[in-house]
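Enquirer: quick one, structure for this:
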Amino acid sequence: MKQQRFDIVIAGGGMVGASLALALGSYGGRIAVVDQRFATHVPSSLDVRSTALNAGSKRFFATLGLWPQVREFAAPIKHIHVSDRGHFGAARLSADEYELEALGYVVENHRVHALLTDSLAGTVNVDTMDATVTGVQASAEGVTVSAEDLVLHAGLLVIAAGARGGLSTQLGMQSHEHSYAQSAIVANVLAARPRAGVAFERFTASGPVALLPLGGARYAVVMTVAAAQEEQLLACPEREFLARLQAVFGWRLGRFMRVGKRAAFPLSLVQTRRQITQRTVLVGNAARTLHPVAGQGFNLALRDVTELARLLHSEPGVEDPGCPALLEEFAARRRADQRSTTATTDLLVKTFGSTFAPLVVARSAGLVLMDLLPPLRHWFARRSMGLGARSPMTELGGTR
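Expert: Have a look, this model is predicted:
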């Protein structure tokens with residue numbers, strides 16, 4: 001087997017792993033990013049998904065010098081409309097109220113991933129490897145990563161792939177999973193009466209439905225359904241699927257005319273008990289998987305990436321990227337934001353999924369109050385835009 005030595009190995013070259021590698025582009029050490037998907041360039045599991053980037057994530061890409069390229073295919077969210085189907089009350093957020101160009105931007109995941117992968121090719125201290133990580137061993141002296149016919153030795157392993165089991169299990173890292181007994185049906189649709197720049201979050205009896213503008217008449221749909229309905233909604237004819245979507249969303253965008261490829265993802269809250277272990281740190285879905293109701297998963301992961309890159313660039317002990325003090329400092333700095341974002345997302349799912357009459361009245365009243373009271377609306381907007389936690393504005397130690 002071929003053996004190589006690096007300072008940092010990143011297991012997973014998806015959007016989170018590639019973002020971290022680029023954020024470490026000016027870090028002095030050698031970095032390896034290992035993922036079998038580099039051979040195909042576009043991960044098949046991401047080809048129908050989209051992400052709403054908040055203001056904090058926009059600044060992250062700007063710091064890397066990539067925002068002009070992202071902006072070419074990003075659709076701005078200028079207004080957000082939140083409603084509860086069958087009940088009174090709605091809340092509206094507007095970028096104009098905050099003197100912003102947009103509250104966020106919707107991007108198709110495969111386009112972001114392609115941009116990140118192309119950018120990695122021009123980063124001199126980063127090697128990308130088309131391989132599958134099959135094993136890992138960590139000790140006080142270092143970490144050894146097996147990847148098919150490769151053996152990689154490093155001071156730090158960052159696991160940025162997989163929501164369950166896998167490498168973290170090999171290292172004895174335990175996780176807790178709470179199933180919502182739901183699936184997210186993801187697709188792109190065409191609407192007869194599009195409303196430019198307006199994103200919708202509609203809570204229904206079967207779960208939230210989000211429609212995110214992709215530009216023109218195209219919208220990215222994330223429709224939450226009971227897990228038992230997943231297979232039927234993936235296999236049913238286009239007309240039947242569109243009728244189901246129309247029934248739960250309504251007619252604010254007119255008739256839904258076409259739907260593209262559909263995919264489904266089981267929804268659970270998955271959290272590792274500790275994000276770090278000996279010379280290893282988890283980021284992205286490897287550390288926690290959230291319900292998509294508030295669109296915070298990738299944005300939260302980028303805040304993890306930012307903090308880890310900042311520490312590796314600037315903290316004492318950086319000559320040993322896997323030293324215990326550095327990893328403990330990272331975990332401590334990220335703990336409050338992670339817990340708050342996770343708890344808020346979980347609370348939204350449970351609150352708007354309840355049929356308990358007093359709670360139904362309370363949540364409807366809450367939407368009305370948020371619409372009427374600027375301080376409450378501002379708090380919600382800041383959380384949605386990624387401004388409620390420590391900002392990723394701080395430089396990451398330079399660009400590639």
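
Enquirer: helices of the stretch 201-350 of the chain, start to end?
Expert: Assigned by DSSP state H, counting those that start in this stretch, the helices in the stretch 201-350 of the chain fall at 230-235, 238-249, 297-314, 324-352.

Enquirer: need those helices in CSV with distance to Leu156, mean neighbour count and mean pLDDT, can you?
Expert: Quick note: C-beta positions are derived from backbone N, CA and C, even for glycine. Below are these laid out as CSV (distance: least, CB to CB, whole Å; neighbours: other CB atoms under 10 Å; pLDDT from 0 to 100):
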stretch, distance to Leu156, mean neighbour count, mean pLDDT
helix 230-235, 38, 14, 96
helix 238-249, 45, 16, 95
helix 297-314, 8, 23, 92
helix 324-352, 8, 16, 86
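
Enquirer: Gln137 is nearest to which of those?
Expert: Of all these, helix 324-352 sits nearest to Gln137, with 17.1 Å by CB to CB.

Enquirer: relative to helix 297-314, how tilted is that closest one?
Expert: Between helix 324-352 and helix 297-314, the angle comes out at 170 degrees (axes from the mean of the first three to the mean of the last three CA atoms, to 10 degrees).

Enquirer: all strands of the stretch 51-200 of the chain, in order?
Expert: All strands of the stretch 51-200 of the chain, identified by DSSP state E, counting those that start in this stretch, fall at 75-77, 79-84, 90-94, 104-108, 126-129, 133-138, 143-147, 150-154, 156-159, 175-191, 198-204.

Enquirer: packing partners for the first one?
Expert: When contacts are defined as 3 or more CB pairs under 8 Å, 6 or more residues apart in numbering; DSSP states H and E, strand 75-77 sits against strand 104-108, strand 207-215.

Enquirer: stretch 307-325: how far from the chain's middle?
Expert: Distance of stretch 307-325 from its chain centroid, counting by CA atoms, centre = their mean, to the nearest Å, is 24 Å.

Enquirer: so what touches it?
Expert: Contact with stretch 307-325 is made by 7-8, 20, 23-24, 26-27, 29, 142-143, 154-158, 278-281, 283, 326, 329-330, 333-334, 390, 394, 396-398, as judged by CB atoms under 8 Å, 6 or more residues apart in numbering.

Enquirer: partner residues bridging Ala147?
Expert: When assigned by DSSP bridges, Ala147 has beta-bridge partners Val133, Leu150.

Enquirer: residues contacting it?
Expert: Counted by CB under 8 Å, 6+ apart, Ala147 has contacts 34, 129, 131-134.

Enquirer: that one and Val186: what is the separation?
Expert: 30 Å (CB to CB, to the nearest Å).

Enquirer: next one: Leu302
Expert: Remark: distance between Leu302 and Val186 (CB to CB) = 20 Å.
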